[in-house]
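>>> I need the structure of the sequence given here:
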Amino acid sequence: MARDTGVGSHSPVVRVSADAARINHEPVVTAARDATDAVSVRQTGPSGIAGDGPLFMASLEGRTAFFHDPPLSSIPSLVKSIEGGLLPTDDADAVVKHDPQTTTLPLQDTGPVSVGDRLVLGPCGWVDPLDLAQHTFVSTSTTAETVADVGLLGRGRGDAAADNPVADVWETARTADGDPVVVVNANETRDEQCADRTLLAATPMTVLDGVAVVAEHIGAEDAVLYLNETDTHLHQHLQAAIDAAGDDLPVIPKLVAGPDEYRAGEPTAALEALEGADRIEPRLQPPTPAECGLYGRPTVIHTPRTFAHVHRLLTNPDAYDSDSPDPGTRLVTVTGDVANPATVELSSDSSLTAVRDAVEMDGTYKMACVGGVLGGITRDLDVAPTAQSLRAAGLGTDGVVELLADDRCALATVGERARFAATENSGRCVPGREGTTQLAELLRDVYDGSFETDKLRELGRVMRRSSNCQIGAHAPRPVTTALDEFEPEFRAHTDGRCP
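Below you'll find the model as predicted:
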């Protein structure tokens, strides 16, 4: 349900946005509040656009002035200006006109915030994450039937329905024997994957509401929010959000911390961790988690991104094209050799080339790794950000685009990723355990003058088809896609030369 915010559409408002786990924006918030009793000062979460300091936003009568990391000494004068009815535009990084009652971050004409859409990301950086008055809950008044009709696909590596219709998983869990349970898989160890963490920090109510919608639909009375054990600040933040929303949502998840291990983010490995297993490894399937998951119960496992899309779809179903093979948008974190990473939201009919405008590169662009640490290597980003297009191009769908500069060696880049896979795999299956080791060794042999491209490709084919874990199945992808793009560079190393 929507609430009256208590702030008039033309009332002056100051917002300070930052990721509190990485940037201390408390001094700016304190300085702003100390300077006025008449202006509402709101502490918001991250906008998705990383930087060296907080983002200060002053809003008045349908215009907002943006100041990136302003000097602390300037805050009192900025606040006093807006308190006196004058929007401070001098030295502003941008000034944007917008609906005075907007609930989403106004889009700028240029810069990172101008890239893509802001449907799921809309509240990020604009609303107070813990203020219920700034959120609209749909779980108490709607069902998930609308989502099922649209055909939303699961988002992210940690989603048990990744790139597949979520409605199919829900129906399996709803009709299976036993009491169903919902799991939010938010255990991410890689810094480059920021989308889920951004949503949980900036708009946790959206994710919690999506969880409640799915739980109600499948008849679950229990839910779990699975986090990385090292992210204590986010744990505390989410507990505050759960405490605040307790009376408004029919199902509230319990927070559980999991091990700081990459493999623990795989959906069925997450179940092992939640059950307290000493050895974290993926389970053999079938049965799927929806049939037999947490403690043998039918279990729906989605990432925060997927639950946020559920909420957004029910809030604004017209924003989703049910005829699309991949309805909705895709959140993409742009990272790599860039000054500041950015998480942007791209529509299905757009192109990954748009991400270049969201960041400033350190060097000249050479290639990209699309889909996380074990994504695909490509020169060409003219690919639609849909699951189908990304897979057809041999790229990953985990929502990460690493832009790599021309001082990067293609062989060294994929060699590092092969070593990562050899270290991080669970060791349960032979292709994952032995295949990743052989892959790394074959790449090391290139430096000694032995380049067996056919052997690399055949090993990759076997691993993709027979690995039980995602790590084993995806480990060859950086190598085989880099061979397609940079085989001459590989061969040059056999002569002891790195181009």
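>>> mind listing the strands for this structure?
13-17, 40-44, 55-60, 63-68, 94-97, 181-186, 222-228, 254-258, 299-302, 329-336, 342-347, 365-370, 376-378, 400-405 (DSSP state E).
>>> quick check: mean pLDDT across the fourth one?
In this model, strand 63-68 has an average pLDDT of 94.
>>> ok, now the second one?
Per-residue pLDDT values across strand 40-44 average out to 93.
>>> ok, now the shortest one?
Model confidence over strand 376-378 averages 98 on the pLDDT scale.
>>> circling back: dump the strands of the chain into TSV; add mean neighbour count as well.
To be clear about C-beta, it is placed using only N, CA and C from the backbone, and glycine gets the same treatment. Formatted as TSV, these follow (neighbours: other C-beta atoms under 10 Å):
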stretch	mean neighbour count
strand 13-17	24
strand 40-44	21
strand 55-60	25
strand 63-68	20
strand 94-97	16
strand 181-186	28
strand 222-228	22
strand 254-258	16
strand 299-302	30
strand 329-336	26
strand 342-347	24
strand 365-370	23
strand 376-378	25
strand 400-405	23
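>>> could you point out which of the ones you listed sits nearest Val79?
Among the strands of the chain, the nearest to Val79 by C-beta to C-beta is strand 13-17 (6.1 Å).
>>> poorly predicted segments of the protein, please.
Along the chain, segments meeting pLDDT under 70 span 1-10, 20-23, 52.
>>> got CSV for the strands of the chain, with distance to Arg197 too?
Shown next, in CSV, are those (distance: least, C-beta to C-beta, whole Å):
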stretch, distance to Arg197
strand 13-17, 15
strand 40-44, 15
strand 55-60, 17
strand 63-68, 21
strand 94-97, 25
strand 181-186, 7
strand 222-228, 9
strand 254-258, 14
strand 299-302, 15
strand 329-336, 10
strand 342-347, 9
strand 365-370, 20
strand 376-378, 23
strand 400-405, 13
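>>> and of these, who's closest to Ala245?
So among the strands of the chain, strand 222-228 is nearest, using C-beta to C-beta, at 12.2 Å.
>>> just the CA coordinates for stretch 219-234, please, in PDB.
Presented in PDB, the C-alpha positions along stretch 219-234 are these (Å, rounded to 0.1, in the frame of the first residue of the first chain):
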ATOM      1  CA  GLY A 219       2.000 -21.400  -0.200                       C
ATOM      2  CA  ALA A 220       5.200 -20.900   1.700                       C
ATOM      3  CA  GLU A 221       5.200 -19.600   5.200                       C
ATOM      4  CA  ASP A 222       9.000 -19.500   5.600                       C
ATOM      5  CA  ALA A 223      11.700 -17.600   3.700                       C
ATOM      6  CA  VAL A 224      15.500 -17.300   4.100                       C
ATOM      7  CA  LEU A 225      17.700 -14.400   3.000                       C
ATOM      8  CA  TYR A 226      21.200 -16.000   2.500                       C
ATOM      9  CA  LEU A 227      24.100 -13.500   2.800                       C
ATOM     10  CA  ASN A 228      27.900 -13.500   2.700                       C
ATOM     11  CA  GLU A 229      29.200 -13.800   6.300                       C
ATOM     12  CA  THR A 230      31.700 -11.000   5.700                       C
ATOM     13  CA  ASP A 231      29.100  -8.400   4.800                       C
ATOM     14  CA  THR A 232      28.100  -7.600   8.400                       C
ATOM     15  CA  HIS A 233      27.000  -4.100   7.500                       C
ATOM     16  CA  LEU A 234      24.500  -5.300   4.900                       C
END
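>>> please enumerate residues in contact with that stretch?
20-21, 173-174, 179-189, 197, 200-201, 211-212, 214-215, 235, 238, 251-260, 270, 273-274, 294, 300 (C-beta atoms under 8 Å, 6 or more residues apart in numbering).
>>> try it again at 6 Å.
Stretch 219-234 has contacts (C-beta atoms under 6 Å, 6 or more residues apart in numbering) with 21, 180-187, 211, 215, 235, 251, 253-258, 260, 270.
>>> over to stretch 428-436?
For stretch 428-436, contacts defined as C-beta under 6 Å, 6+ apart pick out 281, 421-422, 425, 427, 463, 466-469, 471-472, 475.
>>> now, which of those residues lie within helices?
Using DSSP state H, the subset of the contacts of stretch 428-436 located in helices is 421-422, 463, 466, 471-472.
>>> if we can go back for a sec, and the contacts of stretch 428-436, which is closest to Leu439?
Distances from Leu439 to the contacts of stretch 428-436, taken as C-beta to C-beta, are shortest for Ala475 (6.1 Å).
>>> how many residues are close by that closest one?
Using other C-beta atoms under 10 Å, Ala475 has 31 neighbouring residues.
>>> with adjacent residues omitted, what lies nearest to it?
Spatial nearest neighbour of Ala475, excluding adjacent residues (C-beta to C-beta, 6 or more residues apart in numbering): Ala421 at 3.6 Å.
>>> how close does that neighbour get to Gln438?
Note on Ala421: its distance to Gln438, by C-beta to C-beta, to the nearest Å, is 11 Å.
>>> between the two, point out the one with more neighbours.
Between Ala421 and Gln438, Ala421 has the larger neighbour count (other C-beta under 10 Å), namely 27 against 17.
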